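Asks: give me a 3D structure for the following:
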Amino acid sequence: MNEPADPQLEGLLEYLRDHRGFDFTGYKEGTLRRRIEKRVQTVGAKDLAEYRRYLEAHPDEFTDLFNTILINVTSFFRDLEAWDYLATEVIPRILAGKGPGDAVRVWSAGAAAGQEAFSIAMVLCEAMGEDDLRSRVKIYATDVDEEALTQGRHAIYTRDELQPALSEERLERFFERTPQGRAFRGDLRRSLIFGHHDLMRHPPISRVDLLVCRNTLMYFTNDAQTRILASFHFALNPGGILFLGKGEAIASRSKLFDALDHRWHVFAKSQTQAPVRPPLPAAPRAPHPDHGDRELLQQSGFEAAPVAQLVVDGRGTLILANTRARVMFGLGAGQIGRPLKDLELSYRPVELRSAIDEVMTNGQALRLGEAEWRQAGDENLYLSVELTPLRPGGAVSGVSISFTDVTRFRLLQFDVERTQRELETAYEELQSTVEELETTNEELQSTNEELETTNEELHSSNEELETMNQELQSTNEELETTNRELSQRTDELDRANAFLRSILTSLDSGVVVLDREMRVQEWNRATEDLWGLRDGEV
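Replies: Predicted structure coming up:
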């Protein structure tokens, strides 16, 4: 049963959404409450209302709060037997369906600090070879945690993070020694692209052969999981593979996927289901119409737009690129703020420099039509490119550039029409059968609903247990760190006491150390000779 709504919790979540852009709509309320209350106790607030005021006064607390809510408990080759199944059964199946030189696209959703994305890269490298990995493979690693993504982009890990998950052979082959630890090889790391992506708000990455999303769906409600699975179905190529965590079984109850292995939760995109558009995220309740909220809405709308968009100012500097543009063109944070003419994007897939000058001069929108574009190892795309002048102060001071993937929409429209015709034919053939089975179905329906309710309750309990296990693991790691620090402090104190006692013992003069109550604390050997009393007798 759903818990009654908590006005304080709802108010805090609205505040996080409106002022920090984190929308936790779709996350399980019980999990959110436990993680937030952990921070409430840490800072010493008495309730959520006081904690919200603490957030307003201490902006640095947002980072600690998000790190607590977004539990980044992961590792290389987590559940090794599942990865062995992926390497021996799934990867060969994917590669068998590819021709020589065909691209292999992988999406690691909820990638945290990149351990699973690099695990995928190692498995593919062992199956394909290093040359094919560099030329044919693109691995998109996405998450909502910018701090974790930054660590993934650097690809530097400590020895404790690498062992015992990695064998010495893999460690020496794929990682280079650095002063900070071990770094994934730079020439292979170029096949991975890390980017911010919200599964509930942003459009999915398309034409994916393998989609890995492990131990992420368990934090969402059943409705949110259903919507995310629809996005995953849309993202996968025909016959594409979905690899979930051991605590997530909702895909086995969905008609969008066929189970390949129930034990390790590996599924294939169903060939009998019509392609579905990813559902639009649920509309949040309208915030207060002040200037800050409107600005946040404008920024969020630009970032979540399904069309790749760039903004260039009057000096020709690239100042904005939304999520779709960064993923499509491989733009990193270091390229935002650079002159567009210095980037490959200025002339590929279409010459933009002269077109931007024309729009800045004439102040009129310019449509360049469809441009053919081929990424390394990918199929041909046709992009419709349109440039629009920006006049925030009346005069033209910038240009907005939009890239619309026309190829995808054409193929999608064709598939939808073909599937619709097939569905209409199948519907007519099945109509008579449905009428004959209707009586039997009514008798079985009540029993089936009871079984489904029980199954949903058991699955929800299992996901809660998995979530609590993740939380306990995170807490255990914190306690182990504290214990090591305390042990180190104890050793230092013992050494200091032994040092002071050796100094006191070596003095030729009798020395007695008294406390404020005139009780003897220390009594050296010279004092024993003087008074005839040993240290243990005073």
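
Asks: now the strands for the stretch 301-450 of the chain?
Replies: 308-313, 318-321, 366-374, 380-390, 398-405 (DSSP state E, counting those that start in this stretch).

Asks: helices or strands up against the longest one?
Replies: Looking back up the chat, that one is strand 380-390. helix 353-362, strand 366-374, strand 398-405, helix 406-506 (3 or more Cβ pairs under 8 Å, 6 or more residues apart in numbering; DSSP states H and E). C-beta: built from backbone N, CA, C; applies to glycine.

Asks: tell me the centre residue of the chain?
Replies: Ranked by distance to the mean C-alpha position of the chain (Cα atoms, centre = their mean), the top residue is Asp143 at 2.1 Å.

Asks: hang on, the earlier thing: figure out which of the strands of the stretch 301-450 of the chain is closest to Ser135.
Replies: Counting by Cβ to Cβ, Ser135 lies closest to strand 366-374 out of the strands of the stretch 301-450 of the chain; the figure is 13.1 Å.

Asks: need the mean per-residue confidence for that closest one.
Replies: Mean pLDDT, computed over strand 366-374, is 80.

Asks: hey, least reliable of the helices and strands packed on strand 380-390 by pLDDT?
Replies: Looking at those, the bottom one is strand 366-374 with a mean of 80.

Asks: in that strand, what's buried?
Replies: 366, 368, 370-371, 373 (16 or more other Cβ atoms under 10 Å).

Asks: next: stretch 406-417.
Replies: Thr407.

Asks: give me the local confidence score for the closest residue to Pro389 other than its chain neighbours.
Replies: Leaving out its chain neighbours, the residue that sits closest to Pro389 by Cβ to Cβ, 6 or more residues apart in numbering is Val396, at 4.5 Å. We have a pLDDT of 84 for Val396.

Asks: hey, which of the helices and strands packed on strand 380-390 is tucked in deepest?
Replies: strand 398-405 (a mean of 21; mean count of other Cβ atoms under 10 Å).

Asks: what strands flank that one, and is each parallel or antiparallel?
Replies: strand 308-313 (antiparallel), strand 380-390 (antiparallel) (DSSP bridges).

Asks: what angle separates the shortest one from helix 353-362?
Replies: Between strand 308-313 and helix 353-362, the angle formed by their directions is 60 degrees, by axes from the mean of the first three to the mean of the last three Cα atoms, to 10 degrees.

Asks: send the alpha carbons of strand 308-313 over as CSV?
Replies: Taking Å, rounded to 0.1, in the frame of the first residue of the first chain, the C-alpha atoms of strand 308-313 are listed here in CSV:
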residue,chain,number,x,y,z
ALA,A,308,20.5,18.4,-31.4
GLN,A,309,21.0,22.2,-30.8
LEU,A,310,24.0,24.5,-30.6
VAL,A,311,24.2,28.2,-29.8
VAL,A,312,27.0,30.3,-31.3
ASP,A,313,27.5,34.0,-30.2
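
Asks: and it, how far from the chain's centre?
Replies: The chain centroid and the centroid of strand 308-313 are separated by 25 Å, computed with Cα atoms, centre = their mean, to the nearest Å.

Asks: for stretch 103-119, same thing?
Replies: 9 Å.

Asks: next one: stretch 415-428
Replies: 37 Å.

Asks: so in the protein, where's the weakest helix or strand by average pLDDT?
Replies: helix 291-304 (a mean of 61; mean pLDDT, DSSP states H and E).

Asks: just to revisit the earlier point, for the residue nearest to Pro389, give me phi and psi.
Replies: Here is the backbone geometry of Val396 (degrees, to the nearest 10): phi -70, psi 120.

Asks: now Asp84
Replies: Residue torsions, per degrees, to the nearest 10, at Asp84 are phi -60, psi -40.

Asks: can I get the host helix or strand of Arg53 in PDB? Just the C-alpha atoms.
Replies: Assigned by DSSP states H and E, Arg53 belongs to helix 48-57. What follows is helix 48-57, C-alpha atoms only, in PDB (Å, rounded to 0.1, in the frame of the first residue of the first chain):
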ATOM      1  CA  LEU A  48      12.700  18.000   6.800                       C
ATOM      2  CA  ALA A  49      11.500  21.600   7.000                       C
ATOM      3  CA  GLU A  50      14.600  22.500   9.100                       C
ATOM      4  CA  TYR A  51      16.800  20.500   6.700                       C
ATOM      5  CA  ARG A  52      15.400  22.500   3.800                       C
ATOM      6  CA  ARG A  53      16.400  25.800   5.500                       C
ATOM      7  CA  TYR A  54      19.800  24.200   6.200                       C
ATOM      8  CA  LEU A  55      20.200  23.600   2.400                       C
ATOM      9  CA  GLU A  56      19.300  27.200   1.600                       C
ATOM     10  CA  ALA A  57      22.000  28.400   4.000                       C
END
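
Asks: which strands and helices sit next to it?
Replies: Against helix 48-57 (3+ Cβ pairs under 8 Å, 6+ apart) you get helix 7-20, helix 29-43, helix 61-69.

Asks: figure out which of the ones you listed is closest to Arg315.
Replies: Of all the helices and strands packed on helix 48-57, helix 7-20 comes closest under Cβ to Cβ, at 30.8 Å.

Asks: for that closest one, packing partners?
Replies: helix 29-43, helix 48-57, helix 291-304.

Asks: can you tell me the average pLDDT over the shortest one?
Replies: I take that to be helix 48-57. 84.

Asks: buried residues, it. List them.
Replies: 48, 51-52, 55.

Asks: quick one: which of those residues is nearest to Ser487?
Replies: Looking across the buried residues of helix 48-57 and measuring by Cβ to Cβ, the closest to Ser487 is Tyr51, at 33.2 Å.

Asks: was I right about that closest one contacting Val40?
Replies: Yes - using Cβ atoms under 8 Å, Tyr51 is in contact with Val40, at 4.7 Å.
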